[in-house]
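Engineer: Have a look at this prediction, sequence included:
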Amino acid sequence: MDIHVALRGRVLGKTITYYELRHHRGDEDGHLSDFANDMTGHEVRHYEVHANGEKVLHVSVALGFVGDLMRKAISYAMKVGRAIPNRWDGGLDVLVDVIDLLMSNLVNEFEDHMSDPADFRVHSDPRLHNRPGLRGDIRHLKA
């Protein structure tokens, strides 16, 4: 197994760690197959996400490219455990903040090879509903 710490950040005082499961890189996921015809390539990555050492999410991400420019990220987030609430009822959405860490990391990785704007969409498992912040432009997190 080839597991790599992809990024660390903080959300609501908790340390969030994304572990990339590199031994699964490229494994297709049936949830991630809705790229537009104008994409010339894609790459699939899989992550396990921990909050203060506790596994909270599995995230699969398909990155869509036109030429060498990343244009789109489509991901699927599956909740593990009880740390992330099923429903968002206003205020801060922990799930959105955790996903924003990954999107910001993609900006850092593809900084000079990303279309403007590149966009993302997250499909969450059915328990995680009413999440309007799970789509938009891929951007750096605001400090």
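Structural biologist: Yep, it's here.

Engineer: just checking, what's the longest strand in the chain?
Structural biologist: Identified as the longest strand of the chain according to DSSP state E is strand 54-66.

Engineer: Tell me the predicted confidence for Ala143.
Structural biologist: Ala143 carries a pLDDT value of 51.

Engineer: Lys79 is in contact with Leu128, correct?
Structural biologist: Yes - Leu128 lies in contact with Lys79 (C-beta atoms under 8 Å); the separation is 5.6 Å. (Each C-beta comes from the backbone N, C-alpha and C, glycine too.)

Engineer: any shared contact partners between these two?
Structural biologist: Residues touching both Leu128 and Lys79 by C-beta atoms under 8 Å, 6 or more residues apart in numbering: Asn86.

Engineer: Look at those two and report which has more neighbours.
Structural biologist: Counted by other C-beta atoms under 10 Å, Leu128 and Lys79 do not tie: Leu128 has more neighbours, with 21 against 18.

Engineer: Specify the beta-bridge partners of Tyr47.
Structural biologist: Beta-bridge partners recorded for Tyr47 (DSSP bridges): Glu20, Val59.

Engineer: let's number from 716 now, not from 1
Structural biologist: Got it, the first residue is 716 from now on, which makes the last one we talked about Tyr762.

Engineer: check contacts around it.
Structural biologist: Ala721, Tyr733, Tyr734, Glu735, Leu736, Leu772, His773, Val774, Ser775, Val776, Leu817.

Engineer: Next: Ala833.
Structural biologist: Contacts of Ala833 by C-beta under 8 Å, 6+ apart are Leu784, Met785, Arg786, Lys787, Ala788, Phe825, Asp852, Ile853.

Engineer: now the angle between strand 769-781 and the helix or strand containing it, please.
Structural biologist: In the assignment (DSSP states H and E), Ala833 maps to strand 829-839. Inter-element angle recorded for strand 829-839 and strand 769-781: 140 degrees (by axes from the mean of the first three to the mean of the last three C-alpha atoms, to 10 degrees).

Engineer: Strand 829-839 pairs with which strands, and in what direction?
Structural biologist: strand 784-794 (parallel), strand 850-852 (antiparallel).
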